[in-house]
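>>> Sequence plus predicted model, see below.
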Protein chains: 4
Amino acid sequence: MALQPSFADALSRFTVAIPSWGFSPMGTRFGTFLLGDEASDVYRRIDCAAQVQAATGITPGLALHFPWDRTDDLRALGRYIRDRGMRAEAINPNTFQDQAYRLGSVAHPDAGVRRQAQEHMLWCVEAQKTLEAPYLSLWFADGTNYPGQGDFRRRHEALLESLAPVHAALAPGHTMLVEYKPFEPAFYHTDVADWGTALLICQRLGDQAKVIVDLGHHFQGQNVEFTVALLQHAGRLGGFHFNNRKYADDDLMTGSIDPYGLFLIMRELVKGERLFGQRLETVSYCLDQSANVEAKIPAMILSVVNVQEAFAKALLVDEKDLEAAEHKGDVIAAQEILRDAFLTDVRPLLAEFRRSRGLPEDPLAHYRSQSGRTAVGA
Amino acid sequence: MALQPSFADALSRFTVAIPSWGFSPMGTRFGTFLLGDEASDVYRRIDCAAQVQAATGITPGLALHFPWDRTDDLRALGRYIRDRGMRAEAINPNTFQDQAYRLGSVAHPDAGVRRQAQEHMLWCVEAQKTLEAPYLSLWFADGTNYPGQGDFRRRHEALLESLAPVHAALAPGHTMLVEYKPFEPAFYHTDVADWGTALLICQRLGDQAKVIVDLGHHFQGQNVEFTVALLQHAGRLGGFHFNNRKYADDDLMTGSIDPYGLFLIMRELVKGERLFGQRLETVSYCLDQSANVEAKIPAMILSVVNVQEAFAKALLVDEKDLEAAEHKGDVIAAQEILRDAFLTDVRPLLAEFRRSRGLPEDPLAHYRSQSGRTAVGA
Amino acid sequence: MALQPSFADALSRFTVAIPSWGFSPMGTRFGTFLLGDEASDVYRRIDCAAQVQAATGITPGLALHFPWDRTDDLRALGRYIRDRGMRAEAINPNTFQDQAYRLGSVAHPDAGVRRQAQEHMLWCVEAQKTLEAPYLSLWFADGTNYPGQGDFRRRHEALLESLAPVHAALAPGHTMLVEYKPFEPAFYHTDVADWGTALLICQRLGDQAKVIVDLGHHFQGQNVEFTVALLQHAGRLGGFHFNNRKYADDDLMTGSIDPYGLFLIMRELVKGERLFGQRLETVSYCLDQSANVEAKIPAMILSVVNVQEAFAKALLVDEKDLEAAEHKGDVIAAQEILRDAFLTDVRPLLAEFRRSRGLPEDPLAHYRSQSGRTAVGA
Amino acid sequence: MALQPSFADALSRFTVAIPSWGFSPMGTRFGTFLLGDEASDVYRRIDCAAQVQAATGITPGLALHFPWDRTDDLRALGRYIRDRGMRAEAINPNTFQDQAYRLGSVAHPDAGVRRQAQEHMLWCVEAQKTLEAPYLSLWFADGTNYPGQGDFRRRHEALLESLAPVHAALAPGHTMLVEYKPFEPAFYHTDVADWGTALLICQRLGDQAKVIVDLGHHFQGQNVEFTVALLQHAGRLGGFHFNNRKYADDDLMTGSIDPYGLFLIMRELVKGERLFGQRLETVSYCLDQSANVEAKIPAMILSVVNVQEAFAKALLVDEKDLEAAEHKGDVIAAQEILRDAFLTDVRPLLAEFRRSRGLPEDPLAHYRSQSGRTAVGA
């Protein structure tokens, strides 16, 4: 199978941002295991992301998290990023760690706490402008642990009120991403629990607000690719947080548990462009995973490769034949068409694509040879 | 505890409709067990519902299902209903049983099949007018069993197109209820899978379209009362299908598995009226359960009693104290307030209420004494 | 990649039985759609299975279901099977359809009903002997829909008592398979709900009782391959019912939703033989799926191909390298080893294997050319 | 309703142990909120538990966790406990926090790490003897995050080998409790994932090993009361960890989300004694919850009250009538019997019981009056 120009074009336009926090110590509520590959500050974390970019060539974007990545000089930070051939893609405000946030942040019953969260987000909007990061990526831990702890409607209204000035402060062309999650760390209800809630919020805020889909933030059995298609159809698909899970929000390496599900999601994106004119570049793609037992940089590289392979397989789907099968109600033929794409070993095609772009053919091997490290200790 | 006037007033305004299909033979895909209490036609089914109404006094409304309840003379059917002191509340079109619907109805790839479904719904809109039933209650089995079988977006657009003329044909003051369900009988995707999808559809159709919440149509762990509150806040809560489940859409007696969850849902409705001015009567309450192993009429009566008790307990919640606890972040106090309401044995209060309205104090005992039947064989 | 002898040997020893009921009309509780490819009696169903065997060459075994497959002359049935180059593998008694079974069969509170179920199973044991079918495959719909409907312990004891004489009647070398399922058609509890229950039952019954794993009979998130490994380690893994699901017991084509999960299960079987000396042939492999919207024979063929491909990929896993990675705790290396096997396109290898055995290279294409049918209408 | 002697006797024999770790700072992986009521060492934690005992009178037992509760002088610790009118009930070894345990403890691929875990458990067995604590309560975080990371069977064998000497070292009359959990902190597989696995392990270890049921360690939809009944029937029910959850292992206050489910579990215990001769005292009852947003001592008290109320309601169930309903298959009557017990407000009965034993009638009010604290700040 030879590399087709349209195939190469699509591959060249598909990039995945790397989260700085993916190189910090990460654990579970039962503890954190250190492998010695943790990065202690934002500059070390950018260096790690740059290694992922050197290995894969499709991860120029960075997702930053404040205050975790705070420095005295944002402009210097911006230069540091650009000097490594990268760019800031998303700014993530943290409104869950301060002790003030025990009962929430943007939906907290106390106006003072809400203001604290809002001011941090407004600061992040300015950081967006300074760093030229097109996305403000919002996830809220807000929720309650018990029935009666808070009123859903009062909290919902408080949340809308907290966010309205933030949306209004966005630079033209910048996008606010609203993330949903059904549970954890709130265990009875979460104020932005599902995509329907996120959609309602975006509709109320305005056109620059869109929904971001974190693959691990769904109920068991939920059809994520259907949600992706609907959000895109409604003009509200803003981005992705890629990872994988078997149970809850496990934040495992993308593609490590359900590679076929990842392929089906990628197929909706490819189809969105091919059949419905929704350009790939209008969506932000970002990893969001946390390495608890594995080496961090290789885990990122492997995830990027898994996403890219799923995307490449999606490009192979014969949508015209599939549409014909759909109209005939020929379920078996439809299965065969998807099988053909998914079963194809796209590794040679991707090696050719990388070669043609001057990139390492095998990202993980390249990283190992450059870093002189084996995978275990990063 | 004495019966307060405000309490009696709320109880007197809370009614629950009875589904005619609840008296038909019902089973699982593994078979149907007959107890001898199945009603063979719509008139017998109305008679059954009238017995539930005689026992409980809060179930004057009927949900009808077409073509299952079809008769030659709809006007005669209306008279039969009124003569039994009842009224038609909801009309439910069936677009899933005809062989034409193998690949869907309103979202079927073939325009002819979509038209067939649409025409049946339009017929039902006319039946609504004839029978003066304020609700057209729509549930679609539409979906696919396999990836690739159908395109989500094409099907979504087909569905919107199929429904638009139906919405347009509604009488003023009548409401179209759109029901969601994550799976079954479609096993890969369902075209109206969740409340977010139903909301999007209603927004596109117009103001007379609202979402109906079937308690069994949620993922495990999903917070149903939160969804209820949000839908009401968005002005799109149209109605309920009451039942209970442990796993999937089990259609068990309402309140039989999770009575506390039922209480929490009722509390949102009571709060919607008390704190947010959303009158109880603007929502349609209807049972939707299917008796596989138990006697049908007693199962309905027990469910009505369970719903009414949950509602009565919700009326006992001290929302003012709860709001104070919320503001202080006093989770323990909030728990105590809810406990006080839920642990109260409201049976004496309800007996007093029924007595004051000339109703049987114990609905199930009344039914047994009237029917001369023990519960087993109905 | 060339076909290794050890690879060919393993492939030649891996067979999958076909269930007769897979060619009967099948549906959901909402109805059954007919494609015209339904087989009306056991002989037509055997003919269908023979077509699957002609196409794939690895499905000589038949699973029969009584009374669905009942005939006057079991010996004639046996000859009919053998004449088509097939053999009976499993006998499945039906103890859920008779009206007597409303409250259960082997665990029914009434001794008379339990005896009815027991007698049918004993008849099936005799049928096993006549048809030389090594497996008696037991699945019970027994359970309750509501708390209080039945006592778990009394029912458990009744079940054990019902089964003991059946186990005692087995021919030497024959195996009783006990299947578990968490819910449906019983919605509150199932008497054989999970593998732990099935294991307890087998331990009580004796050495000829083993557990059968139906892929769809698990909770969401449950790690099925772990259960498979543990059961085999405990000497109680008896067989498989292959299918796939997204939500509950959806009975979709095997490998159609989660092909990677299927591969991981196959890997445990391959490893069981390679590392732990548990021969592949000591386990019964059988499809158990029900085609609702797709053509039945092609659906079976596609499932067999999916299982065979997953098995072939499992054969490619380098278990020695994996063990080294495990000891070093090198999670990334372990991922790469599994990836290498799973991403390999084994279709050419399987084509070579089939060619070497005189079988059609492409089973589905062969079926189509022989039957003159397109997939839609079977 | 008057307090019956048999009722009072059962209530007086039902005690619930309090976990020391419930008074430590607890949080989620996103952070820990401090209310100022955290206890800094084992003596302060015992003081907290003693306050729960002073308020409820049914919590004399303590569950300790090592090394968290380690002191130089175990005998002095024992005296401190006894001086507060309490007793040690369970010793919980911690084999998940040390950096050595990244890949597991008892199932770790490295024999040295396994030995470290084993030695700690053997130390705990000695602590059991010193403190006269009848239960060694084992929970293992062991598992893997990715397919291929470890071999299920090798790990299972390592686990059995690690535990055998620990079981052998138990004092006569002492019990080893083996806890299962499907996921978290391991996200792909857990070495003791479900009750079946725990049962297999106990069977291999010997008669002093029993299974402990943590209410939050189940899949969604799993019928916990059925598991409880089966384990007791098999003679392997050893104890409980009480808490509640809506989604995963949320560790919320017991009875706060699903009080009816708690009642149904209690009913199996009461029935186990009444109908099957399995004394209540042969099982260890212990809270295991973690307060993230609420005051810790009141949270414990409220949970104890919830458990006691559920137990009291279970005592009210008319099992004789239920058995008759079961035999008649009268599902409705069965529902009514359970309803009668559950709907009864047992608070007056419990107040009478407490009064008769010289205990505070309202445990939470007593605590507040004694501590001079409102609930928010403990």
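Nice, I can see it.

>>> State the distance from the residue lying closest to A:A234 once chain neighbours are set aside to chain C.
Once flanking residues are discounted, A:A234 sits nearest to B:L200: 5.9 Å by C-beta to C-beta, 6 or more residues apart in numbering or on different chains. Every residue, glycine included, has its C-beta placed from N, CA and C. Distance, B:L200 to chain C, using C-beta to the nearest C-beta, to the nearest Å: 22 Å.

>>> Wait, a helix at B:L200?
Yes - under DSSP: H, G, I helix; E, B strand; the rest coil, B:L200 falls within a helix.

>>> tell me the contacts of it?
By C-beta atoms under 8 Å, 6 or more residues apart in numbering or on different chains, the residues touching B:L200 are A:L199, A:L230, A:A234.

>>> name the element the second one belongs to?
In this case it means A:L230. helix A:224-233 (DSSP states H and E).

>>> wait, which of the contacts of B:L200 is closest to B:L35?
A:L230 (42.2 Å; C-beta to C-beta).

>>> Skip the chain neighbours and tell me the closest residue to the closest one.
Of all residues not flanking A:L230 in the chain, B:T197 sits nearest, at 6.2 Å (C-beta to C-beta, 6+ apart).

>>> what's the neighbour count on that neighbour?
24 (other C-beta atoms under 10 Å in any protein chain shown).

>>> any idea how far B:L159 is from it?
B:T197 is 10 Å from B:L159, where distance means C-beta to C-beta, to the nearest Å.

>>> do the same with A:L322
A:L322 is 19 Å from B:L159, by C-beta to C-beta.

>>> wait, does whichever strand or helix holds A:R115 contact chain D?
Following DSSP H and E, one finds A:R115 within helix A:111-131. No - judged by C-beta under 8 Å from any C-beta of the partner chain, helix A:111-131 stays clear of chain D, getting no closer than 12.5 Å.

>>> who does the next helix or strand after that helix pair up with?
Using DSSP H and E, the helix or strand that follows helix A:111-131 in sequence is strand A:135-138. If you go by DSSP bridges, strand A:135-138 pairs up with strand A:87-93 (parallel), strand A:175-179 (parallel).

>>> Which strands and helices lie in contact with the next helix-or-strand element following strand A:135-138?
Sequence order places strand A:143-144 as the next helix or strand after strand A:135-138, per DSSP H and E. Helices and strands touching strand A:143-144, by 3 or more C-beta pairs under 8 Å, 6 or more residues apart in numbering or on different chains; DSSP states H and E, are strand A:189-190.

>>> Pull the residues that contact the strand it packs on.
So strand A:189-190 is contacted by A:D142, A:G143, A:T144, A:F152, A:Y180, A:K181, A:P182, A:F183, B:N223, B:F226 (C-beta under 8 Å, 6+ apart).

>>> Show me what from the stretch 201-350 of chain A comes close to chain C.
So the stretch 201-350 of chain A meets chain C at A:220-221, A:223, A:246-247, A:253, A:256-261, A:293-295, A:298-299, A:302, A:309, A:328-333, A:335-336, A:342-345, A:347 (C-beta under 8 Å from any C-beta).

>>> Inside strands: which ones of those?
Using DSSP state E to define strands, no part of these is located there.

>>> Inside helices: which ones of those?
A:259-261, A:298-299, A:302, A:309, A:328, A:331-333, A:335-336, A:342-343, A:347 (DSSP state H).

>>> how about the residues of chain A near chain D?
Going by C-beta under 8 Å from any C-beta, the residues of chain A near chain D are A:27-31, A:33-35, A:96-97, A:99, A:101-103, A:141, A:145-147, A:149, A:182-185, A:187-188, A:220, A:245-248, A:250, A:252-253, A:256-257, A:292-294.

>>> show me what contacts the residue nearest to A:L230?
So B:T197 contacts A:G196, A:L230, B:Y180, B:D191 (C-beta under 8 Å, 6+ apart).

>>> sec struct for the residue sitting nearest the centre point of chain A, please.
Nearest to the geometric centre of chain A sits A:H241, at 2.0 Å (C-alpha atoms, centre = their mean). Secondary structure state of A:H241, per three-state DSSP, is strand.

>>> which residues touch it?
Going by C-beta under 8 Å, 6+ apart, the list of residues near A:H241 reads A:E179, A:I212, A:V213, A:D214, A:L215, A:G216, A:H217, A:C286, A:L287, A:D288.

>>> now A:C286
Here A:C286 is in contact with A:16-19, A:61, A:63, A:89-90, A:137, A:239-242 (C-beta under 8 Å, 6+ apart).

>>> Report the closest residue of the stretch 51-200 of chain A relative to chain C.
Using C-beta to the nearest C-beta, the closest approach of the stretch 51-200 of chain A to chain C is made by A:A55 at 12.9 Å.

>>> quick one: contacts of the helix or strand hosting that residue?
Element membership for A:A55, per DSSP H and E: helix A:42-56. Helix A:42-56 is contacted from outside by A:18, A:20-24, A:39, A:59-60, A:62, A:64, A:68-71, A:77, A:80-81, A:84-86, A:296-297, A:300-301, A:304-305, A:308, A:359-360, A:363-364, A:366-367, A:370-371, using C-beta under 8 Å, 6+ apart.

>>> okay, the angle between the helix or strand following it and helix A:42-56?
Toward the C-terminus, helix A:42-56 is succeeded by strand A:61-66 as the next helix or strand (DSSP H and E). Taking axes from the mean of the first three to the mean of the last three C-alpha atoms, to 10 degrees, one finds that strand A:61-66 is oriented at 160 degrees with respect to helix A:42-56.

>>> Just the mean pLDDT for strand A:61-66, thanks.
The pLDDT scores in strand A:61-66 average 98.

>>> before we move on, what about stretch A:75-91?
The pLDDT scores in stretch A:75-91 average 98.

>>> Equivalent analysis for stretch A:316-330, please.
96.

>>> Can you list the buried residues in that stretch?
By neighbour count on 16 or more other C-beta atoms under 10 Å in any protein chain shown, the buried set for stretch A:316-330 is A:L316, A:V317, A:E319, A:D321, A:L322, A:E323, A:A325, A:E326, A:K328, A:G329, A:D330.
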